[in-house]
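# how would this look folded up:
(2 chains)
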Amino acid sequence: MVQYETHEYDVLVIGAGGAGLRAAIEASAAGVSVGLVCKSLLGKAHTVMAEGGVAAALANVDERDGWRVHFADTMRGGQYLNNWRMAELHAKEAPDRVRELEAWGALFDRTQDGRILQRNFGGHQYPRLAHVGDRTGLEMIRVLQDHGIHQGVDVHMECTVISLLKDDGRVVGAFSYEREKGRFKIFSAKAVVLATGGVGKAFKITSNSWEYTGDGHSLAYHAGAELIDMEFVQFHPTGMVWPPSVRGILVTEGVRGEGGVLTNSEGQRFMFDHIPDLYQNQTSDDPEEGWRYTQGDRDARRPPELLTRDHVARCIVREVQEGRGSPHGGVFLDISWISEKISNAEEHIRRKLPSMYHQFMQLADIDITKEPMEVGPTTHYIMGGIRVDADSQMTSVPGLFAGGECGAGLHGANRLGGNSLSDLLVFGKRAGEYAAQFAKENSAGKVNEAEIETVASEALKPFDNADGENPFQIQYDLQDMMQDLVGIARSDEGLNEARAEVHKLGERANQAGVGGNREYNPGWHTALDLEHMLTISEAIALAALERRASIGAHSRDDYPEKEEPGAGKYNTVVRKNADGEMEVSRELIPELREDLQAVIEEMG
Amino acid sequence: MATATFRIWRGDANEGKFVDYDTEVSEGMVVLDAVHKIQAEQANDLAVRWNCKAGKCGSCSAEVNGNPKLMCMTRLNDIPLDAPVTVEPMHAFPLIKDLVTDVSWNFEVKKKIKPFNPRPPDAEDGTWRMAQADIDRVQEFRKCIECYLCQDVCHVLREHDLHDKFIGPRFFVYAAALEMHPLDTENRLEELKDTDGIGYCNITKCCTKVCPEHITITDNAIIPLKERVVDQFYDPIKKLFRIFRPQK
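All right, here's what the predicted structure looks like:
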């Protein structure tokens, strides 16, 4: 008989980044009891690493901005594969969500007249990102955390959910272990919100931490929910490339927003070489106009460095492949050049980009006020994820909600920088609100003892196999494989090979073994993460096979065209079939509502 | 590739010892990389906290060769590798296992500090106006990543174990950020004097020295708070004033 402790809540929120905290605050405000589970300590989740800012059409810096422009920008950036209802809600509600943070104590950088300052970012037509230097994520998570701890939310830190519990087709709880002693905790809940973030740890080069193992995606999939557009994995164009130990760490887009330029080994600003059709009218013709844009000239158009992330990443890969890369396989990102333009450049850079200055100085011995950085693409974010209802954030499984990065729809084929922080506020709040409502309208379900026994014995299996394979090695091999076969450039051949490799790695994962005991044992934790990582890796490969086109963040060497002839605009949908196998299908995206279509046409 | 020895504390609350691990090191590595390499190759159950690996989350605090550090920001080429590099958990908190300590006390302390309470909005649309110059000093405090290295090094906690009488540098910074927030209307000085024990701080500035975010904890947070406490409770003229005009 397995030992465990039980906790009961109306709403259980899994994940305590921005989306999870915001959901917990909202659910609690609705008067229901709330439990919040997180894999790390409170305040350490991935939101803390977000740098550039939160996108919201406050129109503090440019009064021409508004929800309609933000909506159109988001749809354009997503290649019109977005869930347009989510894009509408997001653009309309983001300003209130940002102002609300100020009421809870956030201190964003200010305009001259004392309002929230906004900065330029890729794909946003006007200065739109509320920010705090280049540590916006820290400010946001701290405000949500410091506000949240006074809202009566029960927090379970360093606790990892490994399975959702179901009863009669509905989610009724979750099975977890706490790290300190390795004991099992069972949560019984009327509604569950997944806010677990992304999947970056499935790749070798990533800006994501150990936590990003696709838990929410995998939990939802195994509970019967659908995953959409999993092929859309964002490779952020600027990650560090040298030294090797910091490869993949993020270099904020804010560097380019402040005037930083990308050059190749021949000193050329190669981003001017190719401007996508969708952005011809919005991009500057020459470097001088681009500079004026970054300095707030309202008549200037954005420099090509601030095109969308998918495009910038592809251009960098092209430069490297064609032999014009930097010494360590990236390209150069230079902000120091602005000393030609402004007198106090060094001080200005340190004030606007303090953590970038610090990061390069300390980790790479590079003074970014004096010399260029070397950068290259890094796995950063997944646009695809758990399919949810746009308004309520409920999945196809009753009682199961998802918000933030693990929920999908808002970003389409490519996310604009700054739209993730606004996403997690807008849809974190909605998930919490509707989860609370669901909890009020439904009684508690019944947690099945037999299911708990099965999950527990499965979880403890690696200890019976102390001579089994090292789980870290299996994780490394998976990361290498995904990087090579499911990275920026994809093909039928590589993706089929990837699926076969996932199955082989799955067999190895079944034989993984760990030594030591259950107390704070990272080997065991890694072994348990593997199942989630393998599930989402297979889903990404399968969805990537299904989309036979190159659009947004998804690039196929064998299908370079943007659309498959006659296929229309569709989502890929991954689900578990009746035999327990993973299958993929396409579903056409509903036609845009007339008034929203008019907005897009009006914005050109 | 060169090899270096890492002398890592292994054990739990009951017992433990240093264990030497030899591992290969390469250009640009930080201490956390070496610990991870050892964990992956030689000691799968070696417990260590980490998240961002970029000095932004404050998870991987430890003592490297006796110095409180973020392991992810401590470069191997900045420490001598001809002798073993000792890596041990923070001393000011109870040990859970290996390099992981029980820092839950910090979360309890924060909960007891009066939360932010803003004045009514300045504008009709529910927003406020604040000049950048008025928030600069608070933004310095808000750089804190809650690594608790300042708590670890503070002798009031580390040597005198006054966790029940003294909230430590981290929470003076937190209280200062609230007290100096242009919109906040609460007064936390009485608690700072009585339950938070600000008087125990004798300004040795150890906290400031170890802060990875370079927050000038003592000069900009603790001393101004001490001055405010003195102004409110110990100023002789104000005291007289209070005797003749008692406050409610």
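# when you work out contacts or count neighbours from here on, use the C-alpha atoms and nothing else.
Noted.
# once you drop chain neighbours, what's closest to the most centrally placed residue in chain B?
By C-alpha atoms, centre = their mean, chain B has its centre lying nearest to B:Tyr148, at 3.0 Å. Closest residue to B:Tyr148 apart from its sequence neighbours, by C-alpha to C-alpha, 6 or more residues apart in numbering or on different chains: B:Arg170 at 6.7 Å.
# which secondary structure elements does the helix-or-strand element of chain B with minimal mean pLDDT contact?
The helix or strand of chain B with the lowest confidence, counting by mean pLDDT, DSSP states H and E, is helix B:236-244 at a mean of 78. Counting by 3 or more C-alpha pairs under 8 Å, 6 or more residues apart in numbering or on different chains; DSSP states H and E, the packing neighbours recorded for helix B:236-244 are helix B:223-233.
# and the helix it packs on, average pLDDT?
Averaged over helix B:223-233, pLDDT sits at 95.
# just give me how far it sits from the chain centre.
For helix B:223-233, the distance from its own C-alpha centre to the chain's C-alpha centre is 22 Å (C-alpha atoms, centre = their mean, to the nearest Å).
# contact partners of stretch A:565-581?
A:81, A:221-222, A:224-230, A:539, A:542-543, A:546-547, A:582-589 (C-alpha atoms under 8 Å, 6 or more residues apart in numbering or on different chains).
# buried ones only from the residues you listed, please, as a ChimeraX command.
To isolate the buried members of the contacts of stretch A:565-581 in ChimeraX, using 16 or more other C-alpha atoms under 10 Å in any protein chain shown:
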select /A:81,221,222,224,225,226,227,228,229,230,539,542,543,546,547,582,584,586
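# now, the contacts of stretch A:565-581 that are in strands?
Secondary structure from DSSP state E places A:227-228, A:582-588 of the contacts of stretch A:565-581 in strands.
# list the contacts of the residue nearest to A:Glu405 when sequence neighbours are not counted.
Spatial nearest neighbour of A:Glu405, chain neighbours left out: A:Gly197 (4.7 Å); criterion: C-alpha to C-alpha, 6+ apart. A:Gly197 sits next to A:15, A:17, A:46, A:212, A:214, A:216, A:404-406 when contact means C-alpha under 8 Å, 6+ apart.
# what is the nearest of those to A:Arg97?
Distance ranking of the contacts of A:Gly197 against A:Arg97, using C-alpha to C-alpha, places A:Gly404 first at 13.8 Å.
# wait, the closest one sits on A:Ser420?
Yes: counting by C-alpha atoms under 8 Å, A:Gly404 does reach A:Ser420; the two are 7.4 Å apart.
# which parts of the chain belong to which domain?
Since no chain was named, I'll use chain A. Structural domains annotated on chain A: A:4-232+A:383-441, A:238-379, A:461-578, as defined by automatic domain parsing.
# other chain: chain B
Chain B breaks down into these domains under automatic domain parsing: B:2-101, B:104-238.
# how long is the longest one end to end?
Across domain B:104-238, the terminal residues are separated by 39 Å (C-alpha to C-alpha, to the nearest Å).
# skipping adjacent residues, who's closest to A:Ala57 in space?
The shortest distance from A:Ala57 to any non-neighbouring residue, by C-alpha to C-alpha, 6+ apart, is to A:Gly66 (5.0 Å).
# residue contacts, that neighbour?
For A:Gly66, the contacting residues are A:57-59, by C-alpha under 8 Å, 6+ apart.
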